[in-house]
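S.K.: Here is the input, now give the coordinates:
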Amino acid sequence: MAQYQSDFDDQLSPTPYHGHVYDPGSRAWNARQMGLIDEGALNQCEGGKFFPETQGGLSDKVAPNDVPNAVPPADGKIASAGQEAGRVLDDPTKNWPRKQVASGDAIDISWFFTAAHLTRRWNYFITKPGWDSTRPLSRDQFEAKPFTQVESTLDPFWQHNAALKPANPTKHSIRLPERSGYHVLLGVWEVADTGNAFYQVIDLDFVKSDIPDHLPTPPGNLRTETVTGKSVKLAWNASSGASPITTYRITRNGITTIDVAASLLTWTDESVEPNTRYTYFVSAIDENGAESAPGNTIMVTTLGGEDTPPTAPGNLHSMGETATSVSLMWGASLPEAAIASYIIYREGKEVQRVSGSSQTWNDTGLTPDTRYRYFVAALDSHNRLSVPSNVLTIQTKSQDSGGNYPTWKLNEAYKKGDIVTYKGKLWKCVQDHPSYTETWAPDVPEIKDILWSSLA
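M.R.: Sure thing, here's the model as predicted:
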C-alpha cells in the first residue's frame, strides 16, 4: 500500500487513467498481472454512470448540479465498461481468479486512484442466485439495486472540492449477502464532475457458511442530524427480523466503534477531529447474535474547530505552461465555507491573492525556459493562515518551441480556445476536454473539427 500512496503523491498533473480495485484483486487487476491488458486498460474501465440505467443525459437524483450521465456500458461490455482496450475482461470463458468468501463475510474493497475525481458515490452490485456464468455480464444477471452504497449528498460539487475528493487509497468495509458458489461483485465509482463512472468486477467463490437462515434487515436511511468540529450526530431507521433486534452496531472508517441498544436510533460520535473525513455504517444484531448486512454508508467531513486553522491546499499542480505563463490549480482547504482567500507564492514571495471560492490562477509575464517554484496557503475569515501546500516546480517553455503556445501533450486538461502547437502547426481547442489518449491528438482525422481546428 505504501507504494500505491507514493505513486499517487508523485503525480502533479491530470493523468489519462483513473483507478481500479486492487484488494481483493479485481478482474482488471488480475488481467494486468496475467499480461492480458496494459496499465491504461487497468485504470480506464470507464463508462457512463447510473448503472443499471441504459440511457445518457440523466441528472443525479440527490445532486442535480452534477454533470449528467453519459451512456452506460452496454450489456456484454460491463466488465470493460465498453473500452476496447479491455474487451478481454468481458470474456466469460477465461478462468478468472476468484476470491474465496462466505455469505455474511465483511470484506474490505480497496480502490487506488491515479486521478481522484470529485466523487458522488460508490455502488456495489452482485449477481443474482442462479445467474448464468457462461454468458458475458448483463444487467439481468445482477440485482437491480446495490447491496451496499457509499454516498455523499454535498451539492453543488464545485463548492465541496476537498470533501468530495476521495482519500487515496480508499477502503470500504462491506458485508456480503447470502450466496453460494461462483458470483460476481460489481463496484461502480460514480464521479460528480463528469458524466462517467469506473467499473470494476471482482470474481468471488462463496463457500458454505454457518450464518443463520434469517438475518435482520439492514438499518435504513443512515443520515447526519448535526455536524460540528467536535461531534457527529447520526440517525437511522429501525431494522426488523424474525427475532427481536437487541443492538445496533456503528462502524466508523471500517472499525467497529460502539454497540447501542435497539431502543436508540441515534448516536453522537464525540471522538472526531476538526476538518476530518469519516465514513459510517450501521448494522443490526438480533437476540441470537445474527448480524444484518450494513445499511447505507455515508461520508461526513467535520467542521473546523474554533481555534483550528484551515487545512493546507492539496495537490498543487500545473494545468499547462507556455513560454511566459503557467496555469496553476489546487484542491480546496477545509472548512471551505470559511476560506476568505488563497495566497499564491512564487520563489517564497507572495505574488497574488484570489477568492476563497477559486482554486486556479494564471501567472503571466514569466521568462521563457526558466524554472519557478510555487506553493499556496489558505487564509480563513478569522485571518488564520494554513500551512503551505506542496511545493510545485515547473519550467516555462523555450521561446523557439512554438512562441507563446505550448506543444500539445498527453495528460492535459484543455479548455475551449486554447492554442497549441503540434507537428509544426497551430491548433485551437474547439471544446473542453482532457487529453487522455494519443487518439485525441489534434491531427487525428476523427478528432479534427470536433476537439481541435487547424489554424495553419
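S.K.: Now do the helices in the stretch 1-150 of the chain.
M.R.: Ranges of helices within the stretch 1-150 of the chain are 2-9, 27-33, 39-43, based on DSSP state H, counting those that start in this stretch.
S.K.: actually the stretch 201-350 of the chain, not the one I wrote
M.R.: Under DSSP H, counting those that start in this stretch, the stretch 201-350 of the chain gives no helices.
S.K.: which regions of it sit below the pLDDT cut-off?
M.R.: Low-confidence segments of the stretch 201-350 of the chain (pLDDT under 70): 209-213, 304-307, 337.
S.K.: One more pass at 90, please.
M.R.: 208-218, 220-221, 224-230, 241-242, 252-257, 272-281, 288-312, 314-325, 327, 329-339 (pLDDT under 90).
S.K.: How about the contacts made by S355?
M.R.: Residues near S355 by C-beta atoms under 8 Å, 6 or more residues apart in numbering: S341, Y342. From N, CA and C alone the C-beta is placed, and that goes for glycine too.
S.K.: swap in G76?
M.R.: D90, P136, L137, S138.
S.K.: So which of the residues you listed belong to strands?
M.R.: Among those, no member falls in strands (criterion: DSSP state E).
S.K.: Show the buried residues in the residues you listed.
M.R.: Buried subset of the contacts of G76 (neighbour count, 16 or more other C-beta atoms under 10 Å): D90, P136, L137.
S.K.: Which members of the contacts of G76 are the farthest-apart pair?
M.R.: The largest separation in the contacts of G76, counting by C-beta to C-beta, is between D90 and S138 at 10.2 Å.
S.K.: Common neighbours of the two, please.
M.R.: G76, I78.
S.K.: Among the contacts of G76, find me the one that's closest to T439.
M.R.: The nearest one, if we look at the contacts of G76 relative to T439 and count by C-beta to C-beta, is D90, at 20.8 Å.
S.K.: Report the buried residues of stretch 94-101.
M.R.: Result for stretch 94-101 [16+ other C-beta under 10 Å]: buried residues W96, P97, R98, K99, V101.
S.K.: hmm, I was thinking of stretch 158-178
M.R.: 160-166, 168-170, 172-177.
S.K.: and the two most separated of those?
M.R.: N161 and P177 (34.5 Å).
S.K.: Tell me where the stretch 201-350 of the chain has strands.
M.R.: 223-227, 232-235, 245-252, 255-261, 266-269, 277-286, 297-301, 314-321, 326-331, 339-346, 349-355 (DSSP state E, counting those that start in this stretch).
S.K.: helix or strand right after the last one?
M.R.: Beyond strand 349-355 on the C-terminal side, the first helix or strand identified by DSSP states H and E is strand 360-363.
S.K.: Convert that next one to CSV, retaining C-alpha atoms only.
M.R.: What follows is strand 360-363 as a C-alpha-only set of coordinates in CSV (Å, rounded to 0.1, in the frame of the first residue of the first chain):
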residue,chain,number,x,y,z
THR,A,360,-7.0,28.3,-10.1
TRP,A,361,-4.7,31.1,-11.1
ASN,A,362,-2.7,32.0,-14.2
ASP,A,363,0.8,33.5,-13.7
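S.K.: Just checking: what are the partner strands of it?
M.R.: strand 326-331 (antiparallel) (DSSP bridges).
S.K.: List of residues touching the strand it pairs with?
M.R.: With C-beta under 8 Å, 6+ apart as the test, strand 326-331 has contacts from 161-162, 165, 313-321, 342, 344, 359-363, 366, 372, 374, 376, 389, 392, 394, 396.
S.K.: Out of the buried ones among the contacts of G76, which is nearest to V282?
M.R.: For those, the nearest to V282 is L137 (30.8 Å; C-beta to C-beta).
S.K.: Quick one: residues contacting the closest one.
M.R.: If you count contacts by C-beta under 8 Å, 6+ apart, then L137 has D75, G76, I78, A79, D90, P92, V184, L186, V201 around it.
S.K.: what's the spacing between it and R384?
M.R.: L137 sits 51 Å away from R384 when distances are taken as C-beta to C-beta, to the nearest Å.
S.K.: And W427, by the same measure?
M.R.: Relative to R384, and taking C-beta to C-beta, W427 is found at 45 Å.
S.K.: and the closest residue to Q33 other than its chain neighbours, how many neighbours?
M.R.: Sequence neighbours aside, G25 is the residue nearest to Q33 in space, at 7.3 Å (criterion: C-beta to C-beta, 6 or more residues apart in numbering). Using other C-beta atoms under 10 Å, G25 is surrounded by 21 other residues.
S.K.: What of R27?
M.R.: For R27, using other C-beta under 10 Å, the count is 30.
S.K.: any idea how far L42 is from it?
M.R.: 10 Å.
S.K.: Equivalent analysis for V201, please.
M.R.: 13 Å.
S.K.: Same question for I109.
M.R.: For I109, the distance to L42 (C-beta to C-beta) stands at 16 Å.
S.K.: More neighbours: these two, which one.
M.R.: Shown here are I109 and L42; by other C-beta under 10 Å, L42 has more neighbours (25 against 22).
S.K.: How about the contacts made by the closest residue in space to the more buried one that isn't next to it in sequence?
M.R.: Nearest non-adjacent residue to L42, counting by C-beta to C-beta, 6+ apart: R32, 4.5 Å away. Each residue near R32 by C-beta under 8 Å, 6+ apart is listed here: D38, E39, A41, L42.
S.K.: which of those residues tops the neighbour count?
M.R.: With neighbours taken as other C-beta under 10 Å, the top of the contacts of R32 is L42, carrying 25 neighbours.
S.K.: I'd like the distance between that residue and A81.
M.R.: Distance, L42 to A81, by C-beta to C-beta: 12 Å.
S.K.: just P136 next, same as before
M.R.: From P136 across to A81, the span is 13 Å (C-beta to C-beta).
S.K.: Which residue ranges make up each domain of the chain?
M.R.: Domain segmentation of the chain under automatic domain parsing yields 2-207, 223-301, 309-399, 405-456.
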